[in-house]
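Undergrad: no sequence on hand, only this structure:
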């Protein structure tokens, strides 16, 4: 594989501890490139490949690549047979290499080879043997495979401790996908964005492929694609539920990890991005030669026409190039030293993401890459917002998380981005990375404290009920500062990572054996309860209890103040058989089973979900735009929010600090801040919600005047069937019996 002298040179350099050239093996000099093509100077902006017609009427494509420390850049064009033609970009403006190539038309496949120093000891990893994907490529043709040739270093170097410092000169072009020149002058004039206010939003997290792959009413050739999600059958389910936005798991071009491919698995979720402008090609039914761009846009238009916004889950914190032992696919070969955060030992990467690398967002060109990408998806692809994976990693300045960081500052002043929905996953895996409640007023956040409190309440494991009170009423302890509102909290009980809702009430432990990692992956902190048996059971008593718990969890979520987020399939009892980390399960485990709608129990769960969402839409008291004050607003002492014990008395300070299985929450429709669109006061019904997590029945005394004279039952989760309101009425002051583990929603009458 290598000579003893080469091994000695590498080992000796490592011992010396200072910068020095590393060994170069597997190739030597390559054959001279084929004859080049004529290149005109072109323009340094915009970055990427942009088809245009020049002033002299000549059509072609302008190529521009930021590669600050590079010594030379070669543009590589590929024909249908894969034959490569290279052209040197000789123009350099502000560290951007650029050139206009006449005759290069839309559909052309291309990549780059970037020349520079190979000195991993200082973070320099240029290797022109590796074909690199344009970071600004708007479409990608082909899939990433990970044979040894796509690694910049020699993977099987005898001394693995220094393998990443030995350059591999084998050509990677046959094994990596190419960028595609795309020309699209769509102006979106026929599109109408829903522009749903935050307070009125109900988010539905789904996977483009997993949601549609098994849908029986979608044509087979469209299942698992953007066109499949745009199909009327898919949209009909979303409109039936009443959700206002879909949050799509990553649709940026991504790569599968080597450790998954070696086990016959694939990255299903897509949190391994490599192309921030390109819709993932494998989700396109129309082909990958640029047609995926139009297909994605048609999907967005179809969802908008149904009144549904499109939010993208985006992964700008790291890329698929992993750490020093990862492949060389794009940024690592363009300028590793400035695209990625490196440790003091520049050979190593700073990893705040758990994925091997972290983008160096403080660098202006990296910040530009991210913001250019975001604006592109808004202005040219029509999306309505973003959920930022591990957003705390983006908010780090040099090391610490900084809410005045360049990334957050740029977003706040950007005239396009500050107007769309911005959701932070407010943590990363680094020191000080947990930042729930700390993001600026422009942002909403995934509220994992809501998730944990609701899970603990319904398994009767909360040490006291203070936490539950805060979470149900909008988490004012986290968000009532700086002008933030209750909708800063994205409330969720489940998300793509973790148990599904059905698994949350069916398993005490994770069962991730199918992932091939010895069941070591995935969290052990599930806060779940299997209701008496692990996994599926024929015991109808346990099955009925689980269905009731599903109704309790969904009802709690959809009656809480804040923005609710559902996960696709939870409304119909989807299961992953106890796998709480199904990131690599691109199969029936990770796909939605639509036959569940035919199961009477789960079909009724879907009806209840739709009914609760409709209830939210009808009643502004359930989607408040301002926090509760808890103070009397009238002479009779009525308050906008009040809490009650089973005795029918208001909770005292002592009550909040005690364990409790039963909690009553009163919302007044007379005291809603703000005005409607006509400038008139907002008036609504008042509601009493009673949550009972105990394992036996409890008598609850309904509060009397000034709270109410009578109450009408609207939702009762102890009932299997919820298609119509129960319609029972009770007089105030009466004691009613709540069955074990149930929620009762009552409307105030009189």
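TA: Right, received. Where do you want to start? Only a predicted model underlies this, so the values are computations on that prediction, with no experimental measurement involved.
Undergrad: domains in this protein, as residue ranges please.
TA: Taking automatic domain parsing as the domain assignment, the ranges for the chain are 4-180, 629-749.
Undergrad: from the chain's centre, how far out does the shortest one sit?
TA: If I follow you right, that is domain 629-749. 35 Å (CA atoms, centre = their mean, to the nearest Å).
Undergrad: what's the first-to-last distance across that domain?
TA: End-to-end distance for domain 629-749: 23 Å, by CA to CA, to the nearest Å.
Undergrad: mean confidence for that domain?
TA: Across domain 629-749, pLDDT averages out at 91.
Undergrad: can you offset everything so residue one is 11?
TA: Okay, using 11 as the starting number, the last item reads as domain 639-759.
Undergrad: phi and psi next, for the residue positioned nearest the centre of the chain.
TA: Nearest residue to the geometric centre of the chain (CA atoms, centre = their mean): residue 323, 3.1 Å. Residue 323 adopts backbone torsions of phi -80, psi 110, taken as degrees, to the nearest 10.
Undergrad: correct me if wrong: it contacts residue 400.
TA: No - the criterion here is CB atoms under 8 Å, and residue 323 misses it with residue 400 at 11.1 Å. Every C-beta, even on glycine, is put in place using the N, C-alpha and C of the backbone.
Undergrad: which helix or strand contains residue 465?
TA: Element membership of residue 465, judged by DSSP states H and E, is helix 458-468.
Undergrad: and that helix, average pLDDT?
TA: Here the average pLDDT along helix 458-468 is 98.
Undergrad: who's the residue nearest to the centre of the chain bridged to?
TA: Beta-bridge partners recorded for residue 323 (DSSP bridges): residue 397.
Undergrad: ok, it - contacts?
TA: 215, 257-260, 396-397, 399 (CB atoms under 8 Å, 6 or more residues apart in numbering).
Undergrad: try 6 Å this time
TA: 259-260, 397 (CB atoms under 6 Å, 6 or more residues apart in numbering).
Undergrad: could you give me the ChimeraX selection string for whichever of these are buried?
TA: Buried members of those, defined by 16 or more other CB atoms under 10 Å, are picked up in ChimeraX with:
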select :259,260,397
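Undergrad: now render the contacts of residue 323 as a markdown table, adding pLDDT and distance to residue 503.
TA: Below are the contacts of residue 323 laid out as a markdown table (pLDDT from 0 to 100; distance: CB to CB, whole Å):
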| residue | pLDDT | distance to residue 503 |
| --- | --- | --- |
| 259 | 98 | 18 |
| 260 | 98 | 22 |
| 397 | 98 | 17 |
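Undergrad: and the contacts of residue 323 as TSV, adding distance to residue 602?
TA: Formatted as TSV, those follow (distance: CB to CB, whole Å):
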residue	distance to residue 602
259	12
260	17
397	20
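Undergrad: circling back to that earlier point, what's the spacing between the residue nearest to the centre of the chain and residue 434?
TA: Here the criterion is CB to CB, to the nearest Å. By it, residue 323 lies 12 Å from residue 434.
Undergrad: same question, residue 154
TA: Counting by CB to CB, the gap from residue 154 to residue 434 is 29 Å.
Undergrad: higher neighbour count, those two?
TA: residue 434 (27 against 22; other CB atoms under 10 Å).
Undergrad: for the nearest residue to the more buried one once chain neighbours are set aside, what are its contacts?
TA: Counting by CB to CB, 6 or more residues apart in numbering, residue 401 is the residue found nearest to residue 434 once chain neighbours are left out, at 3.8 Å. Contacts for residue 401 (CB under 6 Å, 6+ apart) come out as 434-436.
Undergrad: contacting residues around residue 69?
TA: residue 63.
Undergrad: tell me the bridge partners for it.
TA: With DSSP bridges as the rule, residue 69 is bridged to residue 63.
Undergrad: any idea of the pLDDT on it?
TA: So residue 69 comes in at 96 (pLDDT).
Undergrad: repeat for residue 27
TA: 36.
Undergrad: pLDDT below threshold where in this structure?
TA: Scanning the chain for pLDDT under 70 picks out 11-46, 732-736.
Undergrad: count of neighbours near residue 487?
TA: 15.
Undergrad: report the contact partners of residue 329.
TA: 283-284.
Undergrad: what's the helix or strand for it?
TA: Going by DSSP H and E, residue 329 is not part of any helix or strand.
Undergrad: ok, residue 253 touching residue 212?
TA: Yes - applying CB atoms under 6 Å, one finds residue 253 in contact with residue 212, separated by 4.8 Å.
Undergrad: neighbour count for those two, which is higher?
TA: residue 253 (27 against 22).
Undergrad: who's in contact with that one?
TA: 212, 214.
Undergrad: do I have it right that residue 611 meets residue 558?
TA: No - between residue 611 and residue 558 there is no contact under CB under 6 Å: 10.1 Å.
Undergrad: which one of these two has more residues nearby?
TA: Using other CB under 10 Å, the more surrounded residue of residue 611 and residue 558 is residue 558, with 21 against 17.
Undergrad: what packs against the host helix or strand of the more buried one?
TA: Counting by DSSP H and E, the element that carries residue 558 is helix 550-569. The contact analysis (3 or more CB pairs under 6 Å, 6 or more residues apart in numbering; DSSP states H and E) places helix 550-569 against helix 610-628.
Undergrad: list the buried residues in the helix it packs on.
TA: In helix 610-628, counting by 16+ other CB under 10 Å, buried: 611-612, 614-623, 625-626.
Undergrad: and stretch 146-159, by the same measure?
TA: 146-151, 154-156, 159.
Undergrad: ranking the domains of the chain by burial, who's on top?
TA: Stretch with highest mean neighbour count among the domains of the chain: domain 14-190 (a mean of 18; mean count of other CB atoms under 10 Å).
Undergrad: hang on, the earlier thing: what comes into contact with the helix holding residue 465?
TA: 472, 477-478, 481, 501-503, 537, 562, 566, 703.
Undergrad: stretch 684-691 now?
TA: 635, 692.
Undergrad: can you get me the start-to-end distance on it?
TA: 7 Å.
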